[in-house]
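In: Provided below are the primary sequence and the corresponding predicted coordinates.
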Number of protein chains: 4
Amino acid sequence: MTEVTPKAAKTNQKAGRTASKEVRRLQLIEATIESISKFGISGTTMTTVTGFAGLSLGIVNFHFKNKENLFEETLRHLAKEHRAQWRKFANSERLSPAEKLRAIGDANFHPSICNRKKLAVWFGFYGEAGYRASYRKIMTEYDTERWDALNALCQMVIVQGEYAGLESDKIADTLEGLYDGFCLNILMYPGEFSREIAKERLHEYLATTFHSHFQLPNPKSCQG
Amino acid sequence: MTEVTPKAAKTNQKAGRTASKEVRRLQLIEATIESISKFGISGTTMTTVTGFAGLSLGIVNFHFKNKENLFEETLRHLAKEHRAQWRKFANSERLSPAEKLRAIGDANFHPSICNRKKLAVWFGFYGEAGYRASYRKIMTEYDTERWDALNALCQMVIVQGEYAGLESDKIADTLEGLYDGFCLNILMYPGEFSREIAKERLHEYLATTFHSHFQLPNPKSCQG
Amino acid sequence: MTEVTPKAAKTNQKAGRTASKEVRRLQLIEATIESISKFGISGTTMTTVTGFAGLSLGIVNFHFKNKENLFEETLRHLAKEHRAQWRKFANSERLSPAEKLRAIGDANFHPSICNRKKLAVWFGFYGEAGYRASYRKIMTEYDTERWDALNALCQMVIVQGEYAGLESDKIADTLEGLYDGFCLNILMYPGEFSREIAKERLHEYLATTFHSHFQLPNPKSCQG
Amino acid sequence: MTEVTPKAAKTNQKAGRTASKEVRRLQLIEATIESISKFGISGTTMTTVTGFAGLSLGIVNFHFKNKENLFEETLRHLAKEHRAQWRKFANSERLSPAEKLRAIGDANFHPSICNRKKLAVWFGFYGEAGYRASYRKIMTEYDTERWDALNALCQMVIVQGEYAGLESDKIADTLEGLYDGFCLNILMYPGEFSREIAKERLHEYLATTFHSHFQLPNPKSCQG
DNA sequence: AATGAATGAGACTTCATTCAT
DNA sequence: CATGAATGAAGTCTCATTCAT
């Protein structure tokens, strides 16, 4: 329809020759996520990444120090994105502490961050993190922040209610465990476990723990 | 009986020249675990494996079809070992269903299977499992069995007690999530999370859920 | 006159945007010498050269046909500079032939051309010259000229004096050999061999050969 | 004539599959010399080396830590070979000190070590030595030994004769300079300078310096 | 004139696998 | 059964050169 001049065609062909550095970096990070989700960390090569990005092989080493650095930046990108998701609710002024706890849980399983593609990448990195300090450092940084937020919110709920024996840090531990464990199940058993189920189970856990703050639906009717 | 020539003597530092096939396989599988825990999946090569095993490079291809197959067998070995651990309690005739639930949880965090070395290997495989069906198949096989056992036990406890609204499968889901999530935390935050803490949190979850079957220690005094 | 935009101002840190072609070429050649002396021929890239020159990567291909051509021009620059140095004395009208021989020798070891930086570059090119005809051609051109000058001067000295058996071309050969050999020693053993020593040895050689033209200092007192 | 069985043919094709490690190393070092002499240091790649050796690409990294190490070992090989050549005469019991001086000079220009192929390699390494300490170290080690030998021999000759003003270390310096300088001329001007000329010039230098120990042929008749 | 992002060939290196011994 | 030298495909990274701006 619109006439594409040869020049424009050539320019657009590969996302433009002079895309800003920041744009290119993001493009390559997204291609890396794509590749890891499809081929795993060990199956992801400079060729697969640039292939997904539609760019030439040599470009990665122009925008990132090396492959290792590309992977670290990819992990950091995911971690930031994840944090942004739950922070939206943690910082909300319209929600009570209990509502925030629920919202953060739901945020962790939001399709934009909790989908097979990204989970595969996350667990790819977890798999390497066991012996790669740089990954562990990035993860710790963001995880600690989430735990602190959960702990603070649990503390507020406990103080509000009449939960004499409860200790906020223990509940934060359990919540973290459930988040990670459910994610693994979503990744591994996509046919049998889902984001929806994960959110339900989390709600149930919160309702069991903070019984006067959370209301469960009629047990007879939920989940087929 | 068989005369050991000097050459053979020198060669058989670890397992004897006439080690049965099964012994060699196990030797190589254990070396693989050792290597993955130290160098990760992507850093594990035939050379590192045979190095840990004290054997020559070429031998792996004699006992396993290829590297891929060695890894699969290693995963299967871990899965079997894991299953043996919790089955000991699931099949015990001396324990009540509730006690079994508790014992299975503890078994999952037994030092013999839940240590940094083996966890690193497990999560290495989880990382690859996202896109490698053969790994997922092995894991599913064993995980399903554990879920079934948990589900059956929860059902028995529910029937025994007066837990009107509880549904065994949901609790089994949550227990599975906690097992995996806590393992990840033990691997990632060894200084802050531990097997002991994991077992405590699990006990707390069971006590909250099945309040008339589990007794928590005095809350004011627990956890250092 | 020409308005300098901020961008241009920032760009022209070193030589002004309107630097003549000749100035740019020289700037790049000097940067090439700098780079080769620091990183060697094999470690010198377009990036290191333009880095030393404070210019952008793409500029070399504007002023030189390609990298090979830049190197040739660099070698030619060095050769010209070298020739200018000894020609100053060879053409002097105030010096006798014997004095010229001595002066040319000293000129070869003048700090402006015989320093570690430039020697490293010279021998870098010698190293490549073994199989690169274009370098050999440039070197030959200038070396021949020096040999001819030496030969002519030796001839004059022989004729002047009573050096019956001496043949000028043989002495020219030996002088050339000493020049090059001493340069190599200065480069390789900077702590033990120096320009001063080289000049002394040359003087000694001349004094031994042309005994009635050159006077050695008292042998007992010379050289620390 | 002799029937070559398929097996033997295949075995010999690539110098035998199980040549001892030492044989392979030497084979690769010689191929490296071949390659550097033909393509220079910067033009020598793993591919050219293994090509000359008739072996597969990957083999170098099996016998040498890396390319750098292969080059160092090649240089060391040349240095050892060179030392063996002159040592034969330096240690001879049949030669007088003066004869040894002459023989060592001749040895330096023996065709087995002083040919265009090896000279190209030597000067290739000299070119890199300016900024590569590992090369300089190897060269220094062997050069020092030769200088010491020359110095000692000159000292003996001086003591024997009536060379009042001469100092052995200065003559050793000059001899070293001539060796290196003449080699460079042989490499650079093969048509005009030769091993024979180099030996003559050296002899002349010795005769001029130690006039009562060395006899020159009738000057009118030598060299066309 | 000058810039520097982009390309892609080719370098070094690793490593699963093979196979003569 | 076992060894380990050898192969060669494939990976990472470098870098001369190009070209839109």
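Out: Received, thanks. Just so it is clear, the structure is predicted and the values come from calculations on it, not from any experiment.
In: surely residue A:209 touches residue B:207?
Out: No: between residue A:209 and residue B:207 there is no contact under C-beta atoms under 8 Å: 11.1 Å. Heads up, the C-betas are built off the backbone N, CA and C, glycines and all.
In: so for the two, which sits in the more crowded spot?
Out: Counted by other C-beta atoms under 10 Å in any protein chain shown, residue A:209 and residue B:207 do not tie: residue A:209 has more neighbours, with 23 against 16.
In: who's in contact with the residue nearest to residue A:38 when sequence neighbours are not counted?
Out: Leaving out its chain neighbours, the residue that sits closest to residue A:38 by C-beta to C-beta, 6 or more residues apart in numbering or on different chains is residue B:131, at 6.3 Å. Contact analysis of residue B:131 by C-beta atoms under 8 Å, 6 or more residues apart in numbering or on different chains lists A:37-40, A:43, A:120.
In: can you list the domains in chain A?
Out: Chain A breaks down into these domains under automatic domain parsing: A:18-64, A:68-209.
In: what segments of chain A are helices?
Out: Taking DSSP state H as the test, the helices found in chain A are A:6-13, A:21-39, A:46-53, A:60-63, A:67-90, A:97-108, A:116-129, A:133-160, A:168-188, A:195-209.
In: right, so of the ones you listed, which gets closest to residue C:194?
Out: helix A:60-63 (43.5 Å; C-beta to C-beta).
In: and the residue of chain A found nearest chain C, how many neighbours?
Out: In chain A, the residue that lies nearest chain C is residue A:62 (11.4 Å; C-beta to the nearest C-beta). By other C-beta under 10 Å, 11 other residues sit near residue A:62.
In: just the one 10 residues further on next, same as before
Out: As a burial measure, residue A:72 scores 19 neighbours (other C-beta under 10 Å).
In: that one and chain D, how far apart?
Out: 26 Å (C-beta to the nearest C-beta, to the nearest Å).
In: next, count neighbours for the closest residue to that residue other than its chain neighbours.
Out: Nearest residue to residue A:72, sequence neighbours excluded (C-beta to C-beta, 6+ apart): residue A:134, at 5.6 Å. Residues within reach of residue A:134, counting by other C-beta under 10 Å, total 14.
In: what's the answer for residue A:165, then?
Out: Neighbour tally, residue A:165, other C-beta under 10 Å: 11.
In: which residues are in contact with residue A:111?
Out: Applying C-beta under 8 Å, 6+ apart, the residues near residue A:111 are residue A:195.
In: let's see 10 Å
Out: When contacts are counted by C-beta atoms under 10 Å, 6 or more residues apart in numbering or on different chains, residue A:111 touches A:118, A:195.
In: thought residue A:44 was touching residue A:70?
Out: Yes: between residue A:44 and residue A:70 there is a contact under C-beta atoms under 10 Å: 9.4 Å.
In: overlap of the contact sets of the two?
Out: Listed as contacting both residue A:44 and residue A:70 by C-beta under 10 Å, 6+ apart are A:31-32.
In: more neighbours: which of these two?
Out: Between residue A:44 and residue A:70, counting by other C-beta under 10 Å, residue A:44 is the more crowded of the two (26 against 22).
In: for residue B:127, see how far away that one is.
Out: Look at residue A:44 and residue B:127: by C-beta to C-beta, to the nearest Å, they are 12 Å apart.
In: what sits against residue A:202?
Out: A:101-102, A:104-106, A:108-109, A:175, A:178-179, A:182, B:174, B:177.
In: okay, now residue A:29: neighbour count?
Out: Residue A:29, neighbours per other C-beta under 10 Å, totals 22.
In: check what pLDDT it gets.
Out: pLDDT for residue A:29: 98.
In: isn't it up against residue A:69?
Out: No: using C-beta under 10 Å, residue A:29 is not in contact with residue A:69, being 11.1 Å away.
In: overlap in contacts of the two?
Out: The overlap between the contact sets of residue A:29 and residue A:69 (C-beta under 10 Å, 6+ apart) consists of residue A:63.
In: pretty sure residue A:167 contacts residue A:154?
Out: Yes: contact status for residue A:167 versus residue A:154: in contact at 8.5 Å, counting by C-beta under 10 Å.
In: circling back to that earlier point, which among the contacts of residue B:131 gets closest to residue D:21?
Out: Distance ranking of the contacts of residue B:131 against residue D:21, using C-beta to C-beta, places residue A:43 first at 34.9 Å.
In: in chain A, what residue is nearest DNA strand E?
Out: Across chain A, no residue is closer to DNA strand E than residue A:58, which sits at 1.8 Å (C-beta to the nearest atom of the strand).
In: low pLDDT regions in chain A?
Out: Residue ranges of chain A with pLDDT under 70: A:1-19, A:218-224.
In: more neighbours: residue A:167 and residue A:154, which one.
Out: residue A:154 (26 against 18).
In: burial count for the closest residue to the more buried one other than its chain neighbours?
Out: Nearest in space to residue A:154, with sequence neighbours left out and distances taken as C-beta to C-beta, 6+ apart, is residue A:168 at 3.7 Å. Number of residues near residue A:168 (other C-beta under 10 Å) recorded here: 18.
In: which ones are touching residue A:104?
Out: Residue A:104 makes contact with A:85-90, A:95, A:146, A:149-150, A:153, A:175, A:179, A:202, according to C-beta under 10 Å, 6+ apart.
In: ok so, going back, would you turn the contacts of residue A:202 into a markdown table with distance to residue B:161?
Out: As requested, the contacts of residue A:202 are arranged in a markdown table below (distance: C-beta to C-beta, whole Å):
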| residue | distance to residue B:161 |
| --- | --- |
| A:101 | 28 |
| A:102 | 27 |
| A:104 | 32 |
| A:105 | 27 |
| A:106 | 31 |
| A:108 | 31 |
| A:109 | 30 |
| A:175 | 26 |
| A:178 | 23 |
| A:179 | 29 |
| A:182 | 26 |
| B:174 | 17 |
| B:177 | 22 |
